[in-house]
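1. Below are the sequence and a predicted model; questions follow.
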Amino acid sequence: MTIAAAVGPARRRARIAYLLLLPGVAWLAIFFIIPLISLFFTSLQVSTGSSGKYKAGFNWRNYVEALSEYWEFFLRALIYAGIATVLALVIAYPLAYFIALKAGRWRALMLVLVVAPFFASFLLRTYAWKTILADDAVITQTLNALHLLPDGRILNTSIAVIAGLTYNFLPFMILPLYAALDKIDPRLIEAGSDLYASPFTTFRKVTWPLSMPGVVAGTLLTFIPAAGDYINAELLGSTKDKMIGNAIQTNFIEFRDYPMASALSFILMASILIIVTVYIRRAGTEELV
Amino acid sequence: MSEPRRATPVEDLNLVKLSKIYGGLAAVDDLTLTIPGGSFFALLGPSGCGKTTTLRMVAGLENPTSGQMFVGAQEITDLKAYKRPVNTVFQSYALFPHLDIFENVAFGLRRRGVKDVTGPVERMLELVELTSMARRKPGQLSGGQQQRVAVARALINEPDVLLLDEPLGALDLKLRRQMQIELKRIQVEVGTTFVHVTHDQEEAMTMADTIAVMNQGRIEQLGAPTQIYENPATAFVANFLGQCNLVPGQITGGDGDNAVLSANGFNFSVPRSRIHAAGSSAILGVRPEKITMYWADEPLPAGHNRLEGTVTDVSFTGVSTQYLVKVPWGQELVVFEQNLSLEELSRRGEHVQIGWAPGHTFALDGAEDITAGMGSHVVGA
């Protein structure tokens, strides 16, 4: 076979690979990159005086205003999302551990149960929490009888918002943790106990570091959408518990202040990007496989 | 090398009436066994014979249904795995993938609060010749190197007993031979008791001082490799440790040290010390390499057991040639001949004599199943 003949099929294969990439690239371009650019230019638009009408420009003051007016909303979003992520991790880890290592023949059923809430809409499930956490509901009554609630109620407090966020994003935490824990060879845990590590030390030195990829993936999948969420704060919180998602929504839909809403969106994206980068760098040093 | 031969004397490992029942079936059945301190001991048997279960019970990874285990005077039966003076080399090595080689080897020492681990770890890596690999992750090492890390990681703790669970199973044949010699060298150097679980009879015979052949949760025979190979007590042992010719017959008499065993109308002499039959019903046994082939008219050495037959199959294997010789009652006996002769090999259909020294003959109990242990061993593996 000549060299030219040999190169032919290789070239063709490379072309097929690019062709296969095309739908994905087109999708990203049309539905992500172009809207992102559009959003960026909107965030710099100049007001014309009449409501909802803006003209093109480079008004960087939109960003200054966004930060000075809404910094509390940003802070709340990051804190609520942070607390919800930690709570979800604390709840999900033992559950994922159990499903991966102890559930035996119940494993498939338990995984189905984890995913089952997705069959009902996000909005509907959050409405359901309104009923669960209502002032006359059993949970509130019981906790009040024990004098455990500072405000005497759960609904319309930050507790309700964080509880809602934790609940809604829990499956995103459980599934990657499960995947990571399921991959761990049980003999490594036996090796730990063979080498003088108590069950707790074995967990700390073997299981936990080996499950880090799942922890990182799970926390990101929980934190990122939770930080941008507005439905939980809208339905379960009071006006004092609004998050940045609510501010973006209000500016866009109610005030029709598109530049402000766009600027807020960009700041949110940038801050999440920074937090996530720092987080991955830190987690990455922990001797990941 | 000054180190790392252990300072403290090595204790015996004693298993007393140890049983493990899984769902009504005994994986290990009333096992009583003393493994002398400092020995290289092999538990040999086919898969499912209970050897791995026994090992895991000693390691503390499995709880016995009944019975006791002792290291020296200390009872370890109810001791948690992480408190036992025992370490394991796992079948698939089970090295911690997130730790480098140094930290894998240091793991046990760190857990026991040893302050300065550098010296011992370096000496241990030197022993297994992996000093240059200290900062690599297990995934970057070859199978043989990972194997040596697993040994170092266990040995650094100076256990009273080192348990090896089919440690060479994942290696290819050539590397396995090399590691067998390596492991034996390490054992002699450190002096720790090694308990080696394997289904490979050659591996067990190459490495161990003492072999216990296990079958269905019990020990069939225990002894030095030469002893159990040359003078097996059961058909299972005879067949599992290589090939064997077995012919059912009767003990009909004898004189002095030798008895006479009649089979199919022929008489054979067997030393009385090599008879394992309870009554007169017995099975004649002789290993293929003990048999010599003679031309039809050649005289045999005096006193040798002798048969005539026809060659039905010849296979040349390099170091030896394997013949099947059909003897008068129709059975085909296996004969191994070293390829020493300058003459031509015997051919199929050729009429020959075969003979062997009485001292190479043994007799099993007549109630034994002559096919026991056949097919369950790995030829040449």
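-> Perfect, thanks for sending it.

2. Read off the pLDDT value for residue 274.
-> Unless you meant another one, I'm taking chain A. For A:Ile274, the pLDDT comes out at 94.

3. try again with chain B
-> Turning to B:Arg274, the model gives it a pLDDT of 93.

4. quick one: contacts for it?
-> Listed by C-beta atoms under 8 Å, 6 or more residues apart in numbering or on different chains, the contact partners of B:Arg274 are B:Asn231, B:Gly359, B:Thr361, B:Phe362, B:Ala363. No exception for glycine: its C-beta is placed from N, CA and C like everyone else's.

5. from what I can see A:Ala92 touches A:Gly218, true?
-> Yes: counting by C-beta atoms under 8 Å, A:Ala92 does reach A:Gly218; the two are 6.6 Å apart.

6. Identify the contacts common to the two.
-> A:Met173, A:Ile174, A:Leu177.

7. element containing B:Glu182, please.
-> helix B:173-190 (DSSP states H and E).

8. Off-centre distance for that helix?
-> Centroid separation for helix B:173-190 versus its chain: 15 Å, with C-alpha atoms, centre = their mean, to the nearest Å.

9. Next: stretch A:210-224.
-> For stretch A:210-224, the distance to the chain centre is 10 Å (C-alpha atoms, centre = their mean).

10. ok, residues contacting that stretch?
-> Applying C-beta under 8 Å, 6+ apart, the set of residues contacting stretch A:210-224 is A:81-82, A:84-85, A:88-89, A:92-93, A:96, A:169-170, A:172-181, A:183-184, A:188, A:272, A:275-276, A:279-280, A:283, A:286, A:288-289, B:97-98.

11. where does chain A have its least confident helix or strand?
-> helix A:3-28 (a mean of 81; mean pLDDT, DSSP states H and E).

12. still on that earlier bit, helix or strand right after the helix holding B:Glu182?
-> Immediately after helix B:173-190, counting by DSSP H and E, sits strand B:193-198.

13. Could you check that following strand against chain A for contacts?
-> No: Strand B:193-198 is not in contact with chain A by C-beta under 8 Å from any C-beta of the partner chain; minimum separation 13.6 Å.

14. Show me what the helix or strand following that strand packs onto, helices and strands only.
-> Using DSSP H and E, the helix or strand that follows strand B:193-198 in sequence is helix B:201-207. Packing partners of helix B:201-207 (3 or more C-beta pairs under 8 Å, 6 or more residues apart in numbering or on different chains; DSSP states H and E): strand B:40-44, helix B:173-190, strand B:193-198, helix B:225-230.

15. What's the mean pLDDT across the second one?
-> The average pLDDT for helix B:173-190 rounds to 89.

16. now could you export just the CA positions of that helix as CSV?
-> Taking C-alpha atoms only, helix B:173-190 is exported to CSV below (Å, rounded to 0.1, in the frame of the first residue of the first chain):
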residue,chain,number,x,y,z
LEU,B,173,4.3,-17.3,34.3
LYS,B,174,7.8,-16.0,34.0
LEU,B,175,7.3,-13.2,36.5
ARG,B,176,5.6,-15.7,38.8
ARG,B,177,8.7,-17.9,38.8
GLN,B,178,10.9,-14.9,39.6
MET,B,179,8.6,-13.7,42.4
GLN,B,180,8.5,-17.2,43.9
ILE,B,181,12.3,-17.1,44.4
GLU,B,182,12.1,-13.5,45.5
LEU,B,183,9.4,-14.2,48.1
LYS,B,184,11.4,-17.2,49.4
ARG,B,185,14.5,-15.0,49.7
ILE,B,186,12.6,-12.4,51.6
GLN,B,187,11.1,-15.0,54.0
VAL,B,188,14.5,-16.4,54.8
GLU,B,189,15.9,-12.9,55.3
VAL,B,190,13.2,-11.6,57.7
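
17. Around chain B, which positions in chain A sit nearby?
-> So far as C-beta under 8 Å from any C-beta goes, chain A lies against chain B at A:185, A:187-188, A:190-198, A:201-202, A:205-206, A:209-210, A:287-289.

18. what about burial for the residues you listed, which qualify?
-> Buried members of the residues of chain A next to chain B, counted by 16 or more other C-beta atoms under 10 Å in any protein chain shown: A:187-188, A:190-197, A:201-202, A:205-206, A:209-210.

19. Can you pick out the most distant pair from those?
-> A:Tyr196 and A:Leu210 (18.7 Å; C-beta to C-beta).

20. got the phi/psi numbers for the closest residue to A:Phe252 other than its chain neighbours?
-> Nearest residue to A:Phe252, sequence neighbours excluded (C-beta to C-beta, 6 or more residues apart in numbering or on different chains): A:Ala261, at 4.0 Å. A:Ala261 adopts backbone torsions of phi -60, psi -40, taken as degrees, to the nearest 10.

21. Kindly report the same for B:Glu337.
-> phi -120, psi 130.

22. For the contacts of B:Arg274, which single residue is the most surrounded?
-> B:Phe362 (26 neighbours; other C-beta atoms under 10 Å in any protein chain shown).
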